[in-house]
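S.K.: predicted model and sequence follow; I will ask about them next.
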Amino acid sequence: MTYYKIVVAYDGTNYHGWQFQPNATTVSQVLADAFSAVFFKKVSILGASRTDTGVHAYGQVAIVQSPIHIDAVILRRAWSKALPSDIVIKSVEKLNSLIHPHDGVIQKTYIYHFFTERPMPFVQRYGWFIHRPIDLDVLRSALNVFVGTHDFRSFCSGDDLQDTVKTIDSVDVFYVADWNAYRIEIKGKSFLRYMVRRIVGACLEIASRKHLSLNHLISVFKQTNPCHTLPNAPAKGLILERIEYAKRGGFDATKH
């Protein structure tokens, strides 16, 4: 068995997320099918982040277990030819041994785009157009509520069985001129399902509704109950930008 680390970018619009699902088209399944079509062998692909339906990625990291040995450069070139245009293998690196893609993660960066004016057609599928005025100062204050280590049970899918205590390292909001959009950047080691989208949706709601206050957001957060009325931001605005790893054992996913 030969092991590779790959870094993948994809437009998630046409996929039911990253993870394999029976009777649904997913990014990992398309990658595996393309590998089999080229090399006539089945391959195992394990991703570092299970992006949901409609979510995109610039820097998804995955470990590939291949039954055949192929030079990394040749592997990337041949594999890429069999992939659709909305999935790109950015890099392939041969590993000395099997390493789980969750091991050694230092930080994940997610970005979320929203538009305050009708977006151009070239970028509209990667952001949320909000028709109401957004108070950016209130938005920043709302997002900062989540920085630090907290129980995020109020802001996950509601059926997460694992520990819901997570740490958000930092949050930032800035304008992206090329897109005429605002970008929310959230960094942390790990996230619960829907966590980023529920935080973004709630904060944008607080920042655009005069009858809602920051205290309301804090109250919802402290209740640790996912059954509340603050919205979940649409999947299309969310992008997994990068995953940073500790440099050990020859495995360094910071090299995109």
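M.R.: Yep, that arrived. Numbering: from 1, shown residues only.
S.K.: quick one: T116 from I206, how far?
M.R.: 16 Å (CB to CB, to the nearest Å). In this view, the C-beta of every residue, glycine as well, is placed from N, C-alpha and C.
S.K.: with neighbour numbers in mind, choose between the two.
M.R.: Taking other CB atoms under 10 Å, T116 and I206 do not tie; I206 has more neighbours (24 against 17).
S.K.: tell me which helix or strand that one sits in.
M.R.: helix 195-208 (DSSP states H and E).
S.K.: repeat for D137
M.R.: Element membership for D137 (DSSP H and E) is helix 136-144.
S.K.: avg pLDDT for the helix holding I206?
M.R.: The average of the pLDDT scores along helix 195-208 is 98.
S.K.: residue contacts, H113?
M.R.: Taking CB atoms under 8 Å, 6 or more residues apart in numbering, we find H113 in contact with 123, 126-128, 176, 179, 181-184, 237, 239.
S.K.: now the residue nearest to L83 when sequence neighbours are not counted, what are its backbone angles?
M.R.: Nearest non-adjacent residue to L83, counting by CB to CB, 6 or more residues apart in numbering: A34, 5.0 Å away. Backbone dihedrals for A34, given as degrees, to the nearest 10, come out at phi -70, psi -40.
S.K.: near A34, how many other residues are there?
M.R.: The local packing of A34 (other CB under 10 Å) involves 20 other residues.
S.K.: before we move on, back to that, quick one: buried residues of the helix holding I206?
M.R.: Neighbour-count burial for helix 195-208 flags 195-208 (criterion: 16 or more other CB atoms under 10 Å).
S.K.: what packs against the next helix or strand after it?
M.R.: Tracing the chain past helix 195-208, the next element assigned as helix or strand by DSSP H and E is helix 214-222. Packing partners of helix 214-222 (3 or more CB pairs under 8 Å, 6 or more residues apart in numbering; DSSP states H and E): helix 136-144, helix 195-208.
S.K.: list the buried residues in the next helix or strand after the first one.
M.R.: If I follow you right, that is helix 136-144. Scanning forward in sequence from helix 136-144 by DSSP H and E, the next helix or strand is strand 148-151. Residues of strand 148-151 classed as buried under the neighbour-count rule (16+ other CB under 10 Å) are H150.
S.K.: sheet-wise, list the partners of strand 148-151 with their directions.
M.R.: According to DSSP bridges, strand 148-151 forms sheet pairs with strand 165-176 (antiparallel).
S.K.: which residues outside the strand it pairs with are in contact with it?
M.R.: With CB under 8 Å, 6+ apart as the test, strand 165-176 has contacts from 107, 113, 136, 139-140, 143-144, 146-152, 181-192, 195.
S.K.: tell me the SS of the nearest residue to T116 once chain neighbours are set aside?
M.R.: Leaving aside its sequence neighbours, T116 sits nearest to I134 (CB to CB, 6+ apart; 5.8 Å). Using DSSP: H, G, I helix; E, B strand; the rest coil, the secondary structure recorded for I134 is coil.
S.K.: what residues are up against P67?
M.R.: Each residue near P67 by CB under 8 Å, 6+ apart is listed here: 1-2, 41-43.
S.K.: which among those residues end up buried?
M.R.: Listed as buried from the contacts of P67 are V43; burial here means 16+ other CB under 10 Å.
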